[in-house]
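Engineer: The sequence and its predicted three-dimensional model are supplied below.
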Amino acid sequence: MDRGQILDRFAGLPLVAHNAKFDLGVIKDAVTEAGLDMPDLRYACSLVMSRRHYDLPSHRLDVVSRAAGVTLDHHHAADRDALACAQIILAMARDVGATSLGDLLEKLDVGWGQLPIPAPPWPAGSSPSY
């Protein structure tokens, strides 16, 4: 699978990651290094969502996994972390009765993230007037 196929594989689908800011930075750097255009990505961050849902002293992936009743073995192995993240999202959805990722975000009062970041609706170099 080449780099373009990898981007095509998740084009149009929402991404979910725990500490999405880090993972999306890696994706952005890889896309830039490959000389490709950054695809439009919508994403949700289970770290941000867990802060709204769980009252914990820490919201590291291993801590949130335990709170959600999710087994996380081999922490920091990308595939295991991704699976734990998905299971945490599903646990939070069950807890609040959400029927979709968008519904869960709404119930937790968390917005979608988006890359590239959309341009503001006012002309470049100016500020909005209030």
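Structural biologist: Received the coordinates, thanks.

Engineer: what secondary structure does the residue lying closest to Val31 once chain neighbours are set aside sit in?
Structural biologist: Counting by C-beta to C-beta, 6 or more residues apart in numbering, Val31 lies nearest to Met38, which is 5.2 Å off, once chain neighbours are set aside. C-beta here means a position set from N, CA and C on the backbone, and glycine is covered the same way. Look at Met38: counting by DSSP: H, G, I helix; E, B strand; the rest coil, its state is coil.

Engineer: and what of the one 4 residues further on?
Structural biologist: Arg42 carries the three-state label strand when classified by three-state DSSP.

Engineer: What pLDDT is listed against it?
Structural biologist: On pLDDT, Arg42 comes in at 91.

Engineer: swap in Asp23?
Structural biologist: With respect to pLDDT, Asp23 scores 88.

Engineer: List the contacts of it.
Structural biologist: Leu15, Ala17 (C-beta atoms under 8 Å, 6 or more residues apart in numbering).

Engineer: Please save the CA atoms from the helix or strand hosting it in CSV.
Structural biologist: Using DSSP states H and E, Asp23 maps to helix 20-33. Output in CSV follows, covering the C-alpha atoms of helix 20-33 (Å, rounded to 0.1, in the frame of the first residue of the first chain):
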residue,chain,number,x,y,z
ALA,A,20,-5.4,13.4,18.9
LYS,A,21,-3.3,16.6,18.8
PHE,A,22,-0.2,14.4,18.9
ASP,A,23,-1.3,11.8,16.4
LEU,A,24,-2.6,14.4,14.0
GLY,A,25,0.8,16.2,14.2
VAL,A,26,2.4,12.9,13.2
ILE,A,27,0.0,12.5,10.2
LYS,A,28,0.6,16.1,9.2
ASP,A,29,4.4,15.7,9.3
ALA,A,30,4.2,12.4,7.3
VAL,A,31,1.9,13.9,4.7
THR,A,32,4.2,16.9,4.3
GLU,A,33,7.4,14.7,4.1
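
Engineer: buried residues in it?
Structural biologist: Ala20, Asp23, Leu24, Ile27, Val31 (16 or more other C-beta atoms under 10 Å).

Engineer: Send me stretch 73-80 as CSV with only the CA atoms.
Structural biologist: Taking Å, rounded to 0.1, in the frame of the first residue of the first chain, the C-alpha atoms of stretch 73-80 are listed here in CSV:
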residue,chain,number,x,y,z
ASP,A,73,-2.2,-4.7,27.4
HIS,A,74,1.1,-3.6,25.8
HIS,A,75,0.5,0.1,26.4
HIS,A,76,2.2,2.3,23.7
ALA,A,77,1.9,-0.4,21.1
ALA,A,78,0.0,1.5,18.4
ASP,A,79,-2.5,-1.2,17.6
ARG,A,80,-3.3,-1.9,21.3
